[in-house]
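> Let's see this in three dimensions:
(chains A and B)
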Amino acid sequence: MTTQGNLRALLFFAALTLAVLAKAHVPALAAANWRIDPARTHIAFAIDSVGYPRTRGQFRQFQGRISIDFAHPDRSSVAFHVQSQSVDVGSQSFDDYLRSVAFLDSGRFPSIDFVSSSVVKVDDHTVRVTGDLTLLGVTRPLTVDVAVQREGSGQRLSFLAKTNIDRLAFGMNSGFPLVSRDVELVISSAAIEL
Amino acid sequence: MSVKPRPSRWNGWIIALHWAAGAVILGLIALGWIMVHGGLDSAATFDLYQRHKSWGFVALALTAGRLAARWLGASPPAPVSPRWERRLAALTQGSLYVLTVGAILSGWLLVSASPLPVPTRFFDLFVIPNIAPPRPSLFAAAVLGHEAAAWAIAALVALHAAGALKHHFVNGDDVLKRMLPRRRRSGPPA
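Residues are numbered from 1 along each chain as shown, chains lettered A, B, ... in the order given. Below is the predicted model:
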């Protein structure tokens, strides 16, 4: 789930970056910084288990930084830092369990991080963000397509990224195969140009 | 053999423990069914599982208390009934003790041997230790045993209750009454 959170954060940044790049109607001066609107940002995940309902949740606390260069998309970047202890699946005792060493190990690994290494414009509404996702201290590359939507006068962008990560790749093995190795990440966000 | 005269009714401890254990066990069966088949979401299901585990240990304590009370306290004489009825009643009651202990221990075992062990926090007060290491084959066997014991308990409780009601309404004897709390006699009018 932490992985999902990281992925989401990563995706969010990537999407933001890509969106900005894709909407390169703005004169390309330099990479501009965007402020993420926390109220409109959701780093959500879902995971299936055998004989148990699908678990859906999100991470409530995170920090993000988005820098977008419409003229030179490759100079855009996204970084997301998600606090693993902020996991919320709708049950205090379930949250506590997910924070334990069985899953997020929040005591040892308080942060789930995504830092982009490249942003490529796919089409006018999509950017492909590649970067490193660090979960449980394990860093793995992650590439995510981010749908970008310009809102209002253009000073506002919304992002949507969906991807799956393999939690086993990060050493999050608890409950496998009862609990699926695939973690679905859905990251939605909005950002305002500073 | 027994020198002591047998009481005409069960003592207060046995009565209290009987009804408390009965309520907790029936509640556990209902809770168990809902948490598995109720179609609830993941968070609600998780919470119900934790509650089921805590109440399971309450049932264990009550059952241990019942066995101790039965061992220490004298029981009223068996009612005048056909021999097969008395045998069936004794078998039902004995099986209920065995199945209750079996259901609780298999539950503890499945929680312990689960490939995804979730700590058993007794009403969030303290952690109850596991009794086995995670092992899928043991887990699967314990799940089967737990489920079978639960269904068998439900069926035997129905038989046990039907027998008690038959004594009360058909035979008109005091078999049910002597397991009920003693009614306070209304005092003389002032």
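
> what element comes up after whatever helix or strand B:V127 lives in heading to the C-terminus?
Here B:V127 sits within strand B:126-128, counting by DSSP states H and E. As assigned by DSSP H and E, the chain's next helix or strand after strand B:126-128 is helix B:136-165.

> And that following helix, what's buried?
Of all the residues in helix B:136-165, those buried under the rule 16 or more other Cβ atoms under 10 Å in any protein chain shown are B:138-139, B:142-143, B:145-147, B:149-150, B:152-153, B:156-157, B:160, B:163-164. All C-beta atoms are positioned from the backbone trio N, CA, C, and that covers glycine.

> How about the residues of chain B by chain A?
Neighbours of chain A within chain B, by Cβ under 8 Å from any Cβ of the partner chain: B:36, B:39-47, B:50, B:114-119, B:121, B:124.

> where in chain B is pLDDT low?
Low-confidence segments of chain B (pLDDT under 70): B:1-4, B:183-190.

> what about the helices in it?
B:12-37, B:42-72, B:83-113, B:136-165 (DSSP state H).

> picking that back up, counting neighbours, which bits of the strand holding B:V127 end up buried?
Neighbour-count burial for strand B:126-128 flags B:I128 (criterion: 16+ other Cβ under 10 Å).

> Direction included, what does it pair against?
Partner strands and pairing direction for strand B:126-128 (DSSP bridges) are strand B:120-122 (antiparallel).

> Put the buried members of the residues of chain B next to chain A into a ChimeraX selection.
A single ChimeraX command selects the buried members of the residues of chain B next to chain A (16+ other Cβ under 10 Å):
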select /B:36,42,43,44,45,46,47,50,114,115,116,117,118,119,121
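
> circling back: go through the buried residues of helix B:136-165 and say which is closest to A:R128.
Proximity of those to A:R128 (Cβ to Cβ) peaks at B:F139, which lies at 42.5 Å.

> Next, the contact list for the closest one, please.
When contacts are counted by Cβ atoms under 8 Å, 6 or more residues apart in numbering or on different chains, B:F139 touches B:110, B:113-115.

> Show me which residues of chain A sit near chain B.
When proximity is defined as Cβ under 8 Å from any Cβ, chain A approaches chain B at A:51-56, A:89-91, A:93-94, A:97, A:100, A:102, A:174-179.

> Inside strands: which ones of these?
A:52-56, A:179 (DSSP state E).

> Can you list the low-confidence ranges for chain A?
For chain A, the stretches with pLDDT under 70 are A:1-31.

> thinking again about what came up before, pull out the buried members of the residues of chain A next to chain B.
Buried among the residues of chain A next to chain B by 16+ other Cβ under 10 Å: A:52-53, A:55-56, A:89-91, A:93-94, A:97, A:102, A:174-175, A:179.

> farthest-separated two in those residues?
Between all members of those, the farthest pair (by Cβ to Cβ) comes out as A:G90 and A:S174, at 19.7 Å.

> how far off helix B:42-72 does the strand or helix carrying A:A46 point, in degrees?
Using DSSP H and E, A:A46 maps to strand A:42-49. With axes from the mean of the first three to the mean of the last three Cα atoms, to 10 degrees as the basis, strand A:42-49 and helix B:42-72 are set at 50 degrees to each other.

> Only the buried residues of strand A:42-49, if you could.
Neighbour counts over strand A:42-49 (16+ other Cβ under 10 Å) mark A:42-47 as buried.

> now do stretch B:168-177
Applying a neighbour-count criterion of 16+ other Cβ under 10 Å, the buried positions in stretch B:168-177 are B:175-176.

> Stretch B:67-84 too?
For stretch B:67-84, burial by neighbour count (16+ other Cβ under 10 Å) applies to B:69-70, B:76, B:81.

> Just the residues contacting it, thanks.
By Cβ under 8 Å, 6+ apart, stretch B:67-84 touches B:2, B:4, B:6-11, B:13-14, B:17, B:86, B:89, B:97, B:167, B:171, B:173-175, B:178.

> Now with 6 Å, please.
Residues outside stretch B:67-84 that contact it (Cβ atoms under 6 Å, 6 or more residues apart in numbering or on different chains) are B:4, B:6-9, B:11, B:13-14, B:17, B:86, B:173, B:175, B:178.

> what about A:G107, helix or strand, and which?
Using DSSP H and E, A:G107 sits within no helix or strand.

> ok, B:W10 - how many residues close by?
When neighbours are counted by other Cβ atoms under 10 Å in any protein chain shown, B:W10 registers 20.

> can you tell me how far it sits from B:V98?
20 Å (Cβ to Cβ, to the nearest Å).

> Closest to chain A out of the contacts of B:F139?
Minimum distance to chain A across the contacts of B:F139 is 5.0 Å, recorded for B:P115 (Cβ to the nearest Cβ).
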